[in-house]
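[1] got a predicted model here, sequence first, then my questions.
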Amino acid sequence: MSGMGIPTAYPIERFRQGKGPVLDVRSPGEFSKGHWPGAINLPLFTDEQRASIGTAYKQQGRRQAIQLGLKATGPKLDRLAEAMHQITNDLNEGEQQSSQDLRLYCWRGGMRSASMAWLADLIDLKPLLLEGGYKAYRNWVLKQFELPWPIRLLGGRTGTGKTDLLKALAEKGVAVVDLEGLAHHRGSSFGGLGQPPQPSSEHYENRLAEGLQSCKANAAKEIWLEAESSLVGCCRLPRGLFQQMQTAPVLEICRSLEERIAQLVDVYSENGIEPLKEATLRISRRLGPQRTRQALEALDLEQWDQACLAMLDYYDRCYDHELARTPERQSVDISGLQAMQAAERLFEQGLIKP
């Protein structure tokens, strides 16, 4: 593209190969629902402006919608141009190259991204447009879950430290997709305590697809996930991926009851009594009145270990029920080992391939 020329749009694989920052020029509301992970939101229109322009297009036609769009964007072109320059300059500070591609997308690769690309070109940046926009990206995301992946699952009862072990394995170069970390949730009634707000299920899918793609780019022979139900808090695992997880081999880790309780106390006690009581009450019907009362009384007395003990039987029964459906399973006892020590043990026993 040169000067005032027509911007060129690139298919998603070519777009992904670009080296510059990704700018999402949709409205803040569209962006919050879901976006390319790592993208920066630089909206051409506010949510209100987008709604009014859309209404004008439907009721008065394309010309009136364009006029309304020009009226909305004209006063802020200088700010948008400065923002694009600042974004590329921030990136170039840590790069050897003197310039980077600036990758842009809107909903369908239409006028919003084309307009921003024109402005970027006008100020001597090198914009790349995504053909088909975010809609094309979402199609790419959903296709990822229909592909076959070399999935292996790490299982274990609550408190065995599966998340810590996965992090240790990742540090040693194992391909890991952290289902709970990407969802900002640990997967139980207590799983959201102390966590950032959860992404939408749509954006969760985007993050998962990028995680899988990163493993593929590194030619991973195995991709390790934590054994989960179909819901991680409010985030739903994509159907295609979950179906593959249901038939994947499981490596079950075991720890002593004392270690599990200590792990749970360490993770959850800092959240305070009231949030813990609220989470306990959410599962009171499944705990039963006696265990619920025991757990609540223990929490009031800050007897964290007793509160854990009152609830662990329920969680263990749930886990054992799910594990019974597993077609292929190995178990290993890692009692007494820290996460990195346990990772090394798994390597030594050939249970995990580097």
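    Cool, the structure landed. Numbering: from 1, shown residues only.
[2] so what does residue 255 have for phi and psi?
    phi -140, psi 160 (degrees, to the nearest 10).
[3] could you report the neighbour count for it?
    Residue 255 has 21 neighbours, counted by other Cβ atoms under 10 Å. For every residue, glycine as well, the C-beta is placed using N, CA and C.
[4] same question, residue 61
    Residues within reach of residue 61, counting by other Cβ under 10 Å, total 10.
[5] ditto for residue 132
    Here the number of neighbours of residue 132 (other Cβ under 10 Å) works out to 20.
[6] contacting residues for it?
    Taking Cβ atoms under 8 Å, 6 or more residues apart in numbering, we find residue 132 in contact with 9, 11, 12, 108, 109, 139.
[7] one more: residue 200?
    The contact partners of residue 200, taken as Cβ under 8 Å, 6+ apart, are 32, 33, 34, 235.
[8] and if we set it to 7 Å?
    Residues touching residue 200, when contacts are defined by Cβ atoms under 7 Å, 6 or more residues apart in numbering, comprise 33, 34.
[9] how about residue 105?
    Taking Cβ under 7 Å, 6+ apart as the test, what residue 105 contacts is 24, 113, 130, 133, 134.
[10] which one of those is nearest residue 276?
    Within the set of the contacts of residue 105, residue 24 lies nearest residue 276; the separation is 37.8 Å, counting by Cβ to Cβ.
[11] what is the burial count for the closest one?
    A count of neighbours around residue 24, defined by other Cβ under 10 Å, yields 26.
[12] got a quick ChimeraX command for the buried subset of the contacts of residue 132?
    Buried residues within those, as defined by 16 or more other Cβ atoms under 10 Å, are selected in ChimeraX through the command that follows:
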select :9,12,109
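[13] with distance to residue 85 added, can I get the contacts of residue 132 in CSV?
    As requested, these are arranged in CSV below (distance: Cβ to Cβ, whole Å):
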residue, distance to residue 85
9, 22
11, 27
12, 26
108, 26
109, 23
139, 32
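[14] select from the contacts of residue 105 every entry located in helices.
    Taking DSSP state H, the ones among the contacts of residue 105 that sit in helices are 113, 133, 134.
[15] what is the nearest of these to residue 190?
    Among those, residue 134 lies closest to residue 190 (Cβ to Cβ), at 34.3 Å.
[16] that closest one contacts residue 104, doesn't it?
    No - counting by Cβ atoms under 7 Å, no contact exists between residue 134 and residue 104, whose distance comes to 11.0 Å.
[17] more neighbours: the two, which one.
    Comparing residue 134 with residue 104 by other Cβ under 10 Å, the one with more neighbours is residue 104, at 32 against 26.
[18] quick check, the more buried one in contact with residue 113.
    Yes - using Cβ under 7 Å as the test, residue 104 is close enough to residue 113 to be in contact (4.7 Å).
[19] before we move on, back to that, TSV for the contacts of residue 132, including distance to residue 348 and secondary structure?
    Conversion of the contacts of residue 132 to TSV gives the following (distance: Cβ to Cβ, whole Å; DSSP: H, G, I helix; E, B strand; the rest coil):
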residue	distance to residue 348	secondary structure
9	51	strand
11	45	coil
12	42	helix
108	53	coil
109	51	coil
139	43	helix
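[20] before we move on, back to that, any residues in contact with both of residue 104 and residue 113?
    With contacts taken as Cβ under 7 Å, 6+ apart, residue 104 and residue 113 have 25, 129 as neighbours in common.
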